[in-house]
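>>> let me see the structure of the following:
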Amino acid sequence: MKKQEVELIICKVSSNGQVALNMKIYRDGTTCREGNGGLPNLGISGMSFGGDSSYFDHLMAFIPDKVLEQPIFY
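Here you go, the predicted model:
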């Protein structure tokens, strides 16, 4: 897979089976978030439609091409 083909980045932070933060960042600028990064999870969630890929592009810059060559999800 090439970086240009990636449409979604999912970041999940958990501790002892409890999800503290779950984020989905789409290339089109849509961002979905559940949790606030702390435990216990407060059940806070939100979604934004920025129409801007700046967050997605910034995260993709940190992902090495070698990771995308693997046939599994990271």
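>>> and the nearest residue to Ser15 once chain neighbours are set aside, what element?
Nearest residue to Ser15, sequence neighbours excluded (C-beta to C-beta, 6 or more residues apart in numbering): Leu39, at 6.0 Å. All C-beta spots, glycine's among them, are computed from the backbone N, C-alpha and C. Assigned by DSSP states H and E, Leu39 falls within no helix or strand.
>>> show me what contacts Leu39?
Applying C-beta atoms under 8 Å, 6 or more residues apart in numbering, we find Leu39 in contact with 15, 18, 20.
>>> pLDDT weak spots in the protein?
Scanning the chain for pLDDT under 70 picks out the ranges 72-74.
>>> helices of that one, start to end?
54-60, 65-68 (DSSP state H).
>>> pull out the buried residues from the longest one.
It refers to helix 54-60. Across helix 54-60, burial judged by 16 or more other C-beta atoms under 10 Å covers 55-56, 60.
>>> so how many other residues sit close to the residue nearest to Ile9 when sequence neighbours are not counted?
The shortest distance from Ile9 to any non-neighbouring residue, by C-beta to C-beta, 6+ apart, is to Ile25 (4.7 Å). By other C-beta atoms under 10 Å, the residues close to Ile25 number 20.
>>> is Ile25 in a bridge, and if so with what?
Taking DSSP bridges as the rule, Ile25 bridges to Ile9, Thr31.
>>> ok, now how distant is it from Gly46?
As judged by C-beta to C-beta, to the nearest Å, Ile25 and Gly46 stand 13 Å apart.
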